[in-house]
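K.L.:
Sequence plus predicted model, see below.
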Amino acid sequence: MKSLLLVLVILVLLSQIPPVRSGPNIYIRKFFSTCWRTKGICKRHCYKNEIFHILCDTTHLCCINKRYVSVQIGTLS
């Protein structure tokens, strides 16, 4: 009876795990692709609501949402 309960618990827990994809886990990939105090994300191109801050490596930009930047570049008059 205990083994049946154990099997049912394992099946319920396995149903909660997301499907497997090739490559690193999305949570791990997101953590390692962050920059600028984990507020930015390393990408090839920034969206319209993001600004380029620094380089992550030779091919990726650190794109930060405008609401996380305290002083906007180019707004000083």
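P.N.:
On my side now, so go ahead. A quick note: this is a predicted structure, and the numbers were derived from the prediction, not measured.
K.L.:
Relative to Thr59, how far out is the residue nearest to Lys39 when sequence neighbours are not counted?
P.N.:
For Lys39, ignoring the flanking residues on the chain, the nearest one in space by CB to CB, 6 or more residues apart in numbering is Tyr68 at 4.5 Å. All C-beta atoms are positioned from the backbone trio N, CA, C, and that covers glycine. Distance, Tyr68 to Thr59, by CB to CB, to the nearest Å: 23 Å.
K.L.:
neighbour count winner among these two?
P.N.:
Neighbours were counted for Tyr68 and for Thr59 using other CB atoms under 10 Å; Tyr68 has more, 13 against 8.
K.L.:
and the closest residue to Thr34 other than its chain neighbours, how many neighbours?
P.N.:
Nearest non-adjacent residue to Thr34, counting by CB to CB, 6+ apart: Ile41, 6.1 Å away. Here the number of neighbours of Ile41 (other CB under 10 Å) works out to 19.
K.L.:
One more: Phe52?
P.N.:
14.
K.L.:
Just list the residues touching it, thanks.
P.N.:
Cys46, Leu61, Cys62, Cys63 (CB atoms under 8 Å, 6 or more residues apart in numbering).
K.L.:
can you check Thr59 too?
P.N.:
Arg44.
K.L.:
so which strand or helix has it?
P.N.:
Under the criterion of DSSP states H and E, Thr59 resides outside all helices and strands.
K.L.:
In the chain, what helix or strand scores lowest on average pLDDT?
P.N.:
The least trusted helix or strand in the chain, going by mean pLDDT, DSSP states H and E, turns out to be helix 26-32, with a mean of 65.
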